[in-house]
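Asks: give me coordinates for this.
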Amino acid sequence: MKKKLKIIIPLIIAIILLVPVKECAKDGGTIKYNAVLWSVTKHHSAHDLEGRHGYYTGTTVRILCFKVYSDYPKFVPEQKGA
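Replies: Numbers count the residues shown, from 1 in each chain. Prediction:
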């Protein structure tokens, strides 16, 4: 019984810390995956600023609340006639 507990308890802790929850924003398609130890945000937000039609896109990765990768924002102009 004790041997099973030594295996099950760390497995449950790992699942709680590493398995993400998916969140969707209503800004044009941004999706965020949150876990206790990490998060990934796939940005996709529609904007119409200063006569520029298009959307911003990119990805942000955080591990232990530290930003380790980000290529957001990238502006993608709307294609005319598509």
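Asks: so V76 touches T57, yeah?
Replies: Yes: shown here, V76 and T57 form a contact pair, counting by Cβ atoms under 8 Å, at 5.7 Å. To be clear about C-beta, it is placed using only N, CA and C from the backbone, and glycine gets the same treatment.
Asks: more crowded one of the two?
Replies: A direct count of neighbours by other Cβ atoms under 10 Å for V76 and T57 places T57 higher, at 18 against 12.
Asks: quick check: bridge partners of that one?
Replies: H44, K74 (DSSP bridges).
Asks: so what's it up against?
Replies: Going by Cβ atoms under 8 Å, 6 or more residues apart in numbering, T57 touches 43-44, 72-74, 76.
Asks: hmm, 10 Å instead?
Replies: 28-30, 42-45, 71-76 (Cβ atoms under 10 Å, 6 or more residues apart in numbering).
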